[in-house]
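Visitor: have a look; sequence and predicted model below, questions after that.
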Amino acid sequence: MITAATAPYRRAAPAMGTMFSVHLHDADPTVARAAGDAIDAFFAELERLEAMFSTFRPDSEISRINRGELELAESSAEVSDVLDACAWLDHASGGAFRAFPPETPARLDPAGFVKGWATDRAAERLVEAGFTNWCVNAGGDVRVAGTPRNGQRWRVGISDPNHPGAVRATIELSEGAVATSGTAARGMHLWDGRSAERVDNFASFTVIGPSLTWADAFATAGFAMGGDGIDWVNRFAGYQALAIP
Amino acid sequence: MKEPRASFVRRAAPVVALAAGGVALWHSLDASSANSLRLAARLPAPPPTNTNAGPGNGASQSTQPAGNANPGGASGTTNTTIASTVCAHPVQVTGPVVDTRWGPVQVRAELGVGNHVCSADAIVYPNERQRSVFINQQAVPWIDGEVKTQGVNFDAIGGATYTTYGYRQSLQSILDSRAKK
């Protein structure tokens, strides 16, 4: 039996080509409406950003930039921010992270950065609504805050890429993010910007750290780097890599 | 060339230039301008790099040639006298992945004359507590081997990039429905 004090309010919904779930653990049933509104705001923000960045939507800013219909100078502040961050990552990773797919090197695709960043942005809606204990799962990339119950830490299982249905690693944390890059679930969708080739260096590559924005970005870059990616990630204060071969 | 506040392509490069040579454009940023990229307030600032520990700390590039490694800079310090002679020209070797009760471990070592171990570092490991203050204070990672979800209470399952199609079979979907009564 679930008691009112710890009953989470949960919702799962598709967004950004994957499945998101939001768990609010301090949602009392008497304020379930507030929880519902906060989660509505979460998904509305995701949708707003997806409409801006999706390369699958012809009317997104990224698609319009790629068709030459939108000047970068005219793009929104969010697009400029993300492209700035992608440029920083490109340099910080020695070119391993690159927002131009090898097959279409003249076309921007910042998807390797956007999902984690957008999830952090959307999660601000939960904080603004007054929720302090929550967990967001963005298609396998997890961001948590507060506690799931009685001051305990959140327990995040890392699924075993070599054995579907099994958990390989367990990470406990009270605040922060766990992001994973891998090709097990989605095939060869990652590339190394240095060689301009698709890569499959690990079964999965997980980064733990304070923000999902950078954990996700470092997981993408670290996966592309291969063995050097672990040391590279660990250089950043607060971030740690865990690779499964 | 060095613009202290080079904001990438934000206010400068026309789309035509991007389409014609996007990759070259990104290469044109040098390290100093990348460091001073002005990221908007709402974008979390990139984290600083650690100033101590970490075998990769001494190298500013992502790739580390074997001959350029720095033995002793990692977790274990080697005898400097030995290192200066026996380890003058170490050979880098990578061991097999070994499954331990804590998870997979793979070690990369540098061997000097007579297979003396000049340096060794785990490149795949379940846990490396010393590397991150954050880990010590905020998170405790460990590896349980192939733990099935039965009997283990997880709050979230990460790692897989679930598609909407496959989501119903995923571990996270179990969590989403388990306590929802």
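Guide: Looks like it arrived, so ask away. The structure presented is a predicted model; accordingly, all values stated were derived computationally and were not measured. Numbering: from 1, shown residues only, chains lettered A, B, ... in the order given.
Visitor: mean confidence for the helix ranked longest in chain A?
Guide: If you go by DSSP state H, chain A has its longest helix at helix A:32-53. Here helix A:32-53 scores 93 as its mean pLDDT.
Visitor: may I have the helix or strand that comes right after it exported as CSV, CA atoms only?
Guide: Once the chain leaves helix A:32-53, the next helix or strand it forms, by DSSP states H and E, is helix A:61-66. Below are the C-alpha coordinates for helix A:61-66, written out as CSV (Å, rounded to 0.1, in the frame of the first residue of the first chain):
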residue,chain,number,x,y,z
GLU,A,61,15.0,26.7,-36.8
ILE,A,62,17.7,24.1,-37.4
SER,A,63,16.0,22.8,-40.5
ARG,A,64,15.5,26.4,-41.8
ILE,A,65,19.2,27.2,-41.1
ASN,A,66,20.3,24.1,-43.0
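Visitor: mind giving me the packing neighbours of helix A:61-66?
Guide: The contact analysis (3 or more C-beta pairs under 8 Å, 6 or more residues apart in numbering or on different chains; DSSP states H and E) places helix A:61-66 against helix A:32-53, helix A:77-92, helix B:15-27. For glycine as for every other residue, the C-beta is placed from the backbone atoms N, C-alpha and C.
Visitor: as a markdown table, those helices with mean neighbour count and distance to residue A:162 would be great.
Guide: Shown next, in a markdown table, are those (neighbours: other C-beta atoms under 10 Å in any protein chain shown; distance: least, C-beta to C-beta, whole Å):
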| stretch | mean neighbour count | distance to residue A:162 |
| --- | --- | --- |
| helix A:32-53 | 18 | 31 |
| helix A:77-92 | 22 | 28 |
| helix B:15-27 | 16 | 34 |
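Visitor: residue B:45: which of the ones you listed is closest?
Guide: Evaluated with C-beta to C-beta, these place helix A:77-92 nearest to residue B:45, the distance being 10.0 Å.
Visitor: name the SS class of the closest residue to chain B within chain A, please.
Guide: Taking C-beta to the nearest C-beta, chain B has its nearest neighbour within chain A at residue A:231, 3.1 Å off. Three-state assignment for residue A:231 (DSSP: H, G, I helix; E, B strand; the rest coil): helix.
Visitor: where's it relative to residue A:206, distance?
Guide: Plainly put, residue A:231 is 15 Å away from residue A:206 if you go by C-beta to C-beta, to the nearest Å.
Visitor: quick revisit: of all the helices and strands packed on helix A:61-66, which lies closest to residue A:152?
Guide: Ranking these by proximity to residue A:152 (C-beta to C-beta) places helix A:32-53 first, at 20.4 Å.
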